[in-house]
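Peer 1: Predicted model and sequence follow; I will ask about them next.
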Amino acid sequence: MDPAEMMTNSNMRVVKEPRGFLKLLQFIFAIFAFATASGGGSHFQFSVTCNSSDPKMVDIYYSYPYKLEDVPVMNAFCTNKTQTVYPLVGNENSSAEYFVTIGVFAFLYSLVALTIYVFVEGQFGDKNLWSKADLFITTAFAIFWFTSSSAWAAAVADIKWSTYAPNVYTHGSIVQLCKNQGTVCTDGGLNSSYANLNVSILFGFLNFILWAGNIWFTYKETPWHAQRNEPAEKKYPSPALGTPTGMEGGTLSSPTGQI
């Protein structure tokens, strides 16, 4: 289709309708959701004191996809010879990647749907197939947003536990070192920031509400809604009335032909 013709036949009014306006909000909030989730990395510190020597500060960084088992806790613990690696506990990459993937695909589909609404939909000879597909995809994204946000909320709770400094040196792989005689592990005073992760959960459930609410407005565009709201006489037309017995030429006659 010629781009100039598409611009001429564009329908910007659809953005003012609930169906189009919600798609625009879905486009924006999907970006916020996957951006805050994937950009929610942080770091924390704790200190290790060996045999009353000067404490050594351990700084641990972690980020998306939050596969904490691959995050090393490294330092020359109580030795000046070699570094020892103690990984964190936890593996939340599957929930994180699921949530971010849904966000990216929701962002892309919202962009495609808005383009079709504004520039293409009016050119369809029969838009029934598109309206049904839009309804099905919108319903699927509502389900995906709910499941991914729920899984991500549980994963964030685990990330908070695994990256809280006292839990690292009392329950993590480094616990044996901190239990050695003469070794003391303490909080370093710098704790992780979970603001981005908390906000990403809110955006996830907000996206679920937006997509679930848009199901009704996409359904109204389908032929199923139109058929449901047809007048009864159109759904079930009455049989044609024939000419009453004895009516010929507009004159009522008796069975014998006499009045």
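Peer 2: Arrived safely, thanks for sending. As the structure is a computational prediction, the values presented were derived from the model and not from experiment. Residues are numbered from 1 along each chain as shown.
Peer 1: And the lengthiest strand in the chain, what does it pack against?
Peer 2: With DSSP state E applied, the strand covering the greatest number of residues in the chain is identified as strand 42-50. In this structure, strand 42-50 makes packing contacts with strand 56-62, helix 165-171, strand 183-187, judged by 3 or more C-beta pairs under 8 Å, 6 or more residues apart in numbering; DSSP states H and E. Using the backbone N, CA and C atoms, a C-beta is placed for each residue, glycine as well.
Peer 1: For the second one, which residues meet the burial criterion?
Peer 2: What that stands for is helix 165-171. Buried positions in helix 165-171, judged by neighbour count with 16 or more other C-beta atoms under 10 Å: 165, 168-169.
Peer 1: Distance to V48 and pLDDT added to the residues you listed, as a markdown table?
Peer 2: As requested, the buried residues of helix 165-171 are arranged in a markdown table below (distance: C-beta to C-beta, whole Å; pLDDT from 0 to 100):
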| residue | distance to V48 | pLDDT |
| --- | --- | --- |
| A165 | 11 | 88 |
| V168 | 11 | 87 |
| Y169 | 8 | 85 |
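Peer 1: quick one on the thing from earlier: compute the mean per-residue pLDDT across the longest strand of the chain, please.
Peer 2: Over the span of strand 42-50, the pLDDT mean works out to 88.
Peer 1: low-confidence ranges in the stretch 101-250 of the chain?
Peer 2: By pLDDT under 70, the low-scoring segments of the stretch 101-250 of the chain are 122, 124-126, 225-250.
Peer 1: Tell me which stretches of it form helices.
Peer 2: Counting by DSSP state H, counting those that start in this stretch, the stretch 101-250 of the chain has helices at residues 128-162, 165-171, 175-179, 195-219, 223-228, 232-235.
Peer 1: before we move on, the earlier item: and the buried residues of helix 165-171, which is closest to I159?
Peer 2: Distances from the buried residues of helix 165-171 to I159 were compared by C-beta to C-beta; the smallest belongs to V168, at 12.3 Å.
Peer 1: quick one, what contacts the closest one?
Peer 2: With contact set as C-beta atoms under 8 Å, 6 or more residues apart in numbering, V168 has these partners: 44, 46, 60, 73, 88, 162, 174.
Peer 1: Now the fourth one: closest residue in space, sequence neighbours ignored.
Peer 2: Spelled out, it's V73. Residue nearest to V73 in three dimensions, not counting chain neighbours: Y86, with 4.2 Å by C-beta to C-beta, 6 or more residues apart in numbering.
Peer 1: The fifth one now?
Peer 2: Nearest residue to L88 in three dimensions, chain neighbours excluded: L68, at 4.0 Å (C-beta to C-beta, 6+ apart).
Peer 1: isn't I201 right up against V156?
Peer 2: Yes: with contacts counted by C-beta atoms under 8 Å, I201 reaches V156, the gap being 6.1 Å.
Peer 1: between the helices of the stretch 101-250 of the chain, which one is nearest to K23?
Peer 2: Distances from K23 to each of those were compared using C-beta to C-beta; the minimum, 7.1 Å, belongs to helix 195-219.
Peer 1: Next, the buried residues of that closest one.
Peer 2: Those would be 196-197, 199-201, 203-208, 210-212, 214, 217-219, for helix 195-219 by 16+ other C-beta under 10 Å.
Peer 1: Of the contacts of V168, just say which sits nearest to V184.
Peer 2: Checking these against V184 with C-beta to C-beta, the nearest one is F46 at 10.7 Å.
Peer 1: wait, what's in contact with that closest one?
Peer 2: Contacts of F46 were listed using C-beta under 8 Å, 6+ apart, and they are 57-58, 165-166, 168-169, 185-188.
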